[in-house]
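Trainee: after the sequence you'll find the predicted model.
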Amino acid sequence: MELGWLLWGAAVLLLLHVLMELSPAVNFALRIGFYYLLFFVCSAFTVPVCLLVNGGRTVKNMRIIKTVVKTFKYFFGLRFEVKGRENFEVEGPAIIVSNHQSILDMMGLMEVLPDDCVQVAKKELMYAGTVGLIIYLGGVIFINRKSTSSAKMVMAEVAKTMATDNVKVWVYPEGTRNCTGDLLPFKKGAFHIAVQAQVPVIPVVYSSFTTFYNPKKNLFTSGKIKVEVLPPIETKGLTSDDVSDLTDRCYRTMRETLFRLSGRPGE
Ligand SMILES: CCCCCCCCCCCCCC(=O)SCCNC(=O)CCNC(=O)[C@H](O)C(C)(C)COP(=O)(O)OP(=O)(O)OC[C@H]1O[C@@H](n2cnc3c(N)ncnc32)[C@H](O)[C@@H]1OP(=O)(O)O
Ligand SMILES: CCCCCCCC/C=C\CCCCCCCC(=O)OC[C@@H](O)COP(=O)(O)O
C-alpha cells in the first residue's frame, strides 16, 4: 500500500518535471505557484509562533517573519548582494523608500529589513488568507488606494506615531509593481510623512529582475540581485513646499542607481 503511494508520488513528480522541461509556461506557473504556496503555508505556521512569542500585533513579529522569508531564496536559486547596510543606522525613525518590481520583492525586502520597521501596503493584502493575518500581526500599515483622503489620513497618522513608537516605515513610492527595468513616477506620500515627522529618507535600490524574471515571457530562472542602501537624505527644516523637490531628488538618485546596478546606461 505504502509502496503504491510512493510510486504515484514519483510518477507525478516525473510528469511535472517533463512538463516543466517541455513548456516554459508550465515551468513559470509551477515556480510562481510554489512561491505563493510557500507564503500561504509558512504564514500558517508562523502565525501561532508570533502569537505565542509576542502576543499580538507588533513590529517585533517582523523579526520572526524575516527569519522565515529569508530562507525562500534557496528554493529559487536567488542570491542577494547587499551594499550600504550601515546607512540604516540612523538614530530614531526614518522613511525607507525602494523600487517595487514584483511579488518576489518580498524576499529582497526581508533580506535587508532593519529591526523595528513596518511597511505600508494596499489594504487588499489584509484579506489574503494566512498571508493577510501574518502581515497584520507584523504591524503593517494598510492604506486604501481607492480613497486618496483616507490614504492621506492614515499616512498623516503614521507621521505622528513614528516618533512615539520609534519605528521606521518602508514605502514603495511607485505605489504598484513595475517590472520594466525602469521606475514609475513617484507618489509623494512617503516624502510628505518624512517632512511632517522631520525624519530622514533612506533610499534602497534593487537591480532589475528582467534578466531572470519576466512574467510576459514566462521567464523565471535563478539569478543575482544587487541591492544598495543609499545614504540618508535629511529633511530637517524642510516644509511642505519642499516635498516636490525632495521627491524629485530621491527619484533621480534611485533611477541612476537602478541603471548602474542593472548594467544599463542612463538616459
Ligand atoms: C511568512 C510570510 C510573510 C509575508 C511578509 C510580507 C511583508 C509585507 C509587505 C507588504 C508590502 C506591500 C506593498 C504594497 O502594497 S505597495 C502599494 C501600496 N503603497 C503605496 O501606494 C505607497 C505609495 N503611495 C503614496 O505614497 C500615495 O501618495 C498615497 C497612497 C498616500 C495617496 O495616493 P493617491 O494615488 O490616492 O493620491 P496621490 O499620490 O496622487 O496624492 C494626491 C495629493 O495628495 C498629496 N499627498 C499624498 N500624501 C500626503 C500626505 N501624507 N500629506 C499631505 N499630502 C499628501 C500628494 O502630494 C498629491 O498632491 P499634489 O502633489 O498632486 O498636489
Ligand atoms: C484564503 C483565500 C486567500 C486568497 C488570497 C489571494 C491573494 C494572494 C496574495 C498574496 C500571496 C502572497 C504574496 C506575498 C505578499 C505580496 C505583496 C506584494 O507584492 O503586493 C503587491 C503590492 O505591493 C502592489 O500591488 P499591485 O501591483 O498594485 O497589484
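Mentor: Cool, the structure landed. Numbering: from 1, shown residues only. Ligands and ions are numbered 1, 2, ... in the order given.
Trainee: now do the helices in this protein.
Mentor: Secondary structure of the chain, counting by DSSP state H: helices at 2-22, 24-54, 61-69, 73-76, 105-112, 129-137, 148-165, 189-197, 243-262.
Trainee: single out the most deeply packed of these.
Mentor: Among the helices of the chain, ranked by average contacts under mean count of other C-beta atoms under 10 Å, first place goes to helix 189-197 (a mean of 24). (Glycine included, C-beta is placed from N, CA and C.)
Trainee: quick one, that helix and helix 243-262 angle?
Mentor: Interaxial angle, helix 189-197 versus helix 243-262 (axes from the mean of the first three to the mean of the last three C-alpha atoms, to 10 degrees): 130 degrees.
Trainee: could you check how far Thr46 is from ligand 2?
Mentor: Applying C-beta to the nearest ligand atom, to the nearest Å, the value for Thr46 to ligand 2 is 13 Å.
Trainee: same question for Met153.
Mentor: With distances taken as C-beta to the nearest ligand atom, Met153 is found 20 Å from ligand 2.
Trainee: ditto for Asp248
Mentor: Applying C-beta to the nearest ligand atom, the value for Asp248 to ligand 2 is 23 Å.
Trainee: do Asp182 as well
Mentor: From Asp182 over to ligand 2 (counting by C-beta to the nearest ligand atom), the distance is 15 Å.
Trainee: give the contact list for that residue.
Mentor: 255, 258 (C-beta atoms under 8 Å, 6 or more residues apart in numbering).
Trainee: what pLDDT does it get?
Mentor: If you check Asp182, the pLDDT there is 95.
Trainee: using PDB, write out the CA atom coordinates for stretch 186-205.
Mentor: This file holds the C-alpha atoms of stretch 186-205, laid out as PDB (Å, rounded to 0.1, in the frame of the first residue of the first chain):
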ATOM      1  CA  PHE A 186       6.900  58.500  -7.500                       C
ATOM      2  CA  LYS A 187       3.800  59.200  -5.400                       C
ATOM      3  CA  LYS A 188       4.500  61.800  -2.700                       C
ATOM      4  CA  GLY A 189       3.000  60.200   0.400                       C
ATOM      5  CA  ALA A 190       6.400  58.900   1.700                       C
ATOM      6  CA  PHE A 191       8.000  62.300   1.300                       C
ATOM      7  CA  HIS A 192       5.100  64.100   3.000                       C
ATOM      8  CA  ILE A 193       5.400  61.900   6.000                       C
ATOM      9  CA  ALA A 194       9.200  62.300   6.100                       C
ATOM     10  CA  VAL A 195       8.900  66.100   6.100                       C
ATOM     11  CA  GLN A 196       6.000  66.100   8.600                       C
ATOM     12  CA  ALA A 197       7.900  63.900  11.000                       C
ATOM     13  CA  GLN A 198      11.200  65.600  10.100                       C
ATOM     14  CA  VAL A 199      12.900  62.300   9.700                       C
ATOM     15  CA  PRO A 200      15.500  61.200   7.000                       C
ATOM     16  CA  VAL A 201      14.600  59.300   3.800                       C
ATOM     17  CA  ILE A 202      16.700  56.300   3.100                       C
ATOM     18  CA  PRO A 203      16.500  55.000  -0.500                       C
ATOM     19  CA  VAL A 204      17.100  51.300  -1.200                       C
ATOM     20  CA  VAL A 205      17.500  50.200  -4.800                       C
END
